[in-house]
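Participant: only geometry, no sequence info:
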């Protein structure tokens, strides 16, 4: 059932990518772009300062996909029985699996050059015929306008159908929102997807994924970086979604 749903999502996204690509060829540099986000709760500090803006960013995308089981479960409780958790890596795998047959072109933006090199080596081995037209590992600081314009030019010159954005939430969502109408391709934010495909981060066993425990598995791998984020984010989600029913 889940594989069928992910396949359907992949086809919908492909339609969006083809639409962006067709518009690009028809109308030149003013072509529109679309974006797809993983729906991930904000941490406490992010929520307090950016809640309204981030909500607008999420609602402004072509599609917002529930990355975590709690989000999918809450959506089902609120009357959307078909919603299933769809992680960035799962979606990437399904799109990659179908890419060779359709000639879809892929660009990767985010993470580090080392991670990208490992990821691409694995993807080329596991998905023969996958067309990778470019990569970019931007610095972790904010780009100045001239640097940003060059990054956009490199992406558009490569003419990708899919632009995979691995900057982490909420940075990648803000980046995609700011580049709608400038990037000629379907932008999809995939969080730690690059790290999973490079082998730098291991995915949780299936039984942990099915029981909403993948966050715990990731926390055990990187407690220093993730503890504060998960503590504030999970409490905020429980308070707003479960207690306040907001």
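Facilitator: Happy to help now that I have it. Owing to the predicted nature of the structure, the values given are computational and were not obtained by experimental measurement.

Participant: sec struct for residue 160, please.
Facilitator: What DSSP: H, G, I helix; E, B strand; the rest coil gives for residue 160 is coil.

Participant: Does it touch residue 107 like I think?
Facilitator: Yes: contact criterion Cβ atoms under 8 Å: residue 160 and residue 107 qualify, at 3.8 Å. Backbone N, C-alpha and C define where each C-beta goes, glycine included.

Participant: And stretch 177-190, what's buried?
Facilitator: Across stretch 177-190, burial judged by 16 or more other Cβ atoms under 10 Å covers 177, 179, 180, 182, 183, 184, 185, 186, 187, 188, 189, 190.

Participant: now do stretch 131-142
Facilitator: For stretch 131-142, the neighbour count (16+ other Cβ under 10 Å) marks 132, 133, 134, 135, 136, 137, 138 as buried.

Participant: Who does the fourth one form a beta bridge with?
Facilitator: Going by DSSP bridges, residue 135 is paired in beta bridges with residue 108.

Participant: Please enumerate the strands of the protein.
Facilitator: Here the chain has its strands, by DSSP state E, at 34-39, 63-66, 105-110, 131-136, 162-166, 186-189.

Participant: got a list of contacts for the fourth one?
Facilitator: With contacts defined as Cβ atoms under 8 Å, 6 or more residues apart in numbering, strand 131-136 is touched by 99-100, 103-110, 113, 116, 120, 123-124, 151, 154-155, 158-160.

Participant: Go through the strands of the chain and name the closest to residue 199.
Facilitator: Evaluated over the strands of the chain, closeness to residue 199 peaks at strand 162-166, with 14.5 Å, by Cβ to Cβ.
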